[in-house]
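[1] Compute the structure for the input listed below.
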Amino acid sequence: MTSEMLVFLILVALAFDFMNGFHDAANSIATVVSTRVLRPLTAVAWAAFFNFIAFLVFGVAVAATIGKGIIDPLIVDHHVIFGALVGAIFWNVITWYYGIPSSSSHALIGGLAGAAVAKGGVHTLIASGFLKTAAAIVLSPAFGFVLGIALVLAVSWICVRTTPRRVDRWFRRLQLVSAGLYSLGHGGNDAQKTMGIIWMLLITTGTIGPKDPLPLWVVFACYGTIAIGTLLGGWRIVKTMGQKITRLKPVSGFCAETSGAMTLFLATGLGIPVSTTHTITGSIVGVGSVQKLSAVRWGVAAGIVWAWIFTIPCSAFVAAVAWWLSRSYL
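    So this is what the prediction gives:
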């Protein structure tokens, strides 16, 4: 691989990172915007700040899973990386255009799998890492759902003798904290996925050794890029996340963000690349269902679930086609 090709692929990886922040900005800000605690521009600046400083809190366990634990590192070359990134970016653009909250993370996993299988067959997938990530598709929204319900019940019990106006005032302030924590978890988990891709590239080209630490410039570039993407925001998805699933108040917004943040912190600590979209959606549905089941627009939620189901196979298919085109023309 030439140095020009390496630079090109790093830029494509950062383009995915930017799209990740742009696409998933809604995850971080939808609740705090929908409850009118922050204006949209203030909310994205708040989220982008916490996206960036996440490097001070989290290590690189998720990056290691992406870089070494999903597909066999021995089959990785510039064609595989190109195919994976094209598959992931394509799916992100399609779902952003139609305002569908899908997973950038699983689009990337699907892209890696599709390009790897196109090159070397199914045996190129590392079963433990791929299955762990696949299990998180179900577990992360379920965990967010249960935590969201638990937090709403706990807050209701604590505030049972407090006037609604006072509760609203308290949780308008507390939602600033919960939104910041969720954005911290979002940056910590999602930026590392691009770090893992660049890590693979650097090892494949011999720029660094397999046991060398991830260069600091990669960490800053990925966290900075996802923060810029968040700053520019994916407004089409904000309305779906914050209004179409269920109506949120400051107290329910706080519970949804806090349960989502707790899920992301746990997954990132364990090195599991989870979907921030799946996590916050599960939390919002859990919070909404405590009020009454009819408070959740289950038709909208079902449409989102179908997007989740198609994410990996669709991005994998596009990645396989992109790998073939890369092999033929690049």
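
[2] make it CA atoms for all contacts and neighbour counts henceforth
    Will do.

[3] Now Ala136: closest residue in space that isn't a chain neighbour?
    Take Ala136 and drop its neighbours on the chain: the residue closest to it by CA to CA, 6 or more residues apart in numbering is Val274, 5.9 Å away.

[4] what about the longest helix in the chain?
    Using DSSP state H, we find that the single longest helix of the chain is helix 164-204.

[5] Which elements pack onto that one?
    Under the contact criterion of 3 or more CA pairs under 8 Å, 6 or more residues apart in numbering; DSSP states H and E, helix 164-204 touches helix 3-34, helix 40-53, helix 61-68, helix 78-97, helix 216-232, helix 250-269.

[6] Show the average pLDDT along it.
    Averaged across helix 164-204, pLDDT comes to 89.

[7] tell me the angle of that helix relative to helix 250-269?
    Angle, helix 164-204 to helix 250-269, by axes from the mean of the first three to the mean of the last three CA atoms, to 10 degrees: 20 degrees.

[8] for Gly99, phi and psi?
    phi 70, psi 30 (degrees, to the nearest 10).

[9] residues touching the closest residue to Met5 other than its chain neighbours, list them.
    Distance criterion CA to CA, 6+ apart; nearest residue to Met5, sequence neighbours excluded, is His78 at 7.7 Å. By CA atoms under 8 Å, 6 or more residues apart in numbering, the contact set of His78 is 1, 5-6, 9, 201.

[10] show me where pLDDT drops low in the stretch 201-330 of the chain?
    For the stretch 201-330 of the chain, applying pLDDT under 70 flags the ranges 233-247, 291-304.

[11] Quick check: Gln175 vs Gly260, distance?
    13 Å (CA to CA, to the nearest Å).

[12] just to revisit the earlier point, take the contacts of His78 and write them to CSV, including neighbour count.
    Converted to CSV, these look like this (neighbours: other CA atoms under 10 Å):
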residue, neighbour count
Met1, 12
Met5, 12
Leu6, 17
Leu9, 20
Leu201, 24
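
[13] separation between the spatially most central residue of the chain and Leu266?
    Nearest to the centroid of the C-alpha atoms of the chain, with distances taken as CA atoms, centre = their mean, sits Thr276, at 3.9 Å. Thr276 is 12 Å from Leu266, where distance means CA to CA.

[14] can you check Ile228 too?
    Distance from Ile228 to Leu266, counting by CA to CA: 25 Å.

[15] To what extent is the spatially closest residue to Tyr223 that is not a sequence neighbour buried, counted in neighbours?
    Of all residues not flanking Tyr223 in the chain, Phe52 sits nearest, at 5.0 Å (CA to CA, 6+ apart). Residues within reach of Phe52, counting by other CA atoms under 10 Å, total 26.

[16] Please tell me how far Phe52 sits from Ser183.
    9 Å.

[17] Could you do Phe265 as well?
    Taking CA to CA, one finds Phe265 at 11 Å from Ser183.
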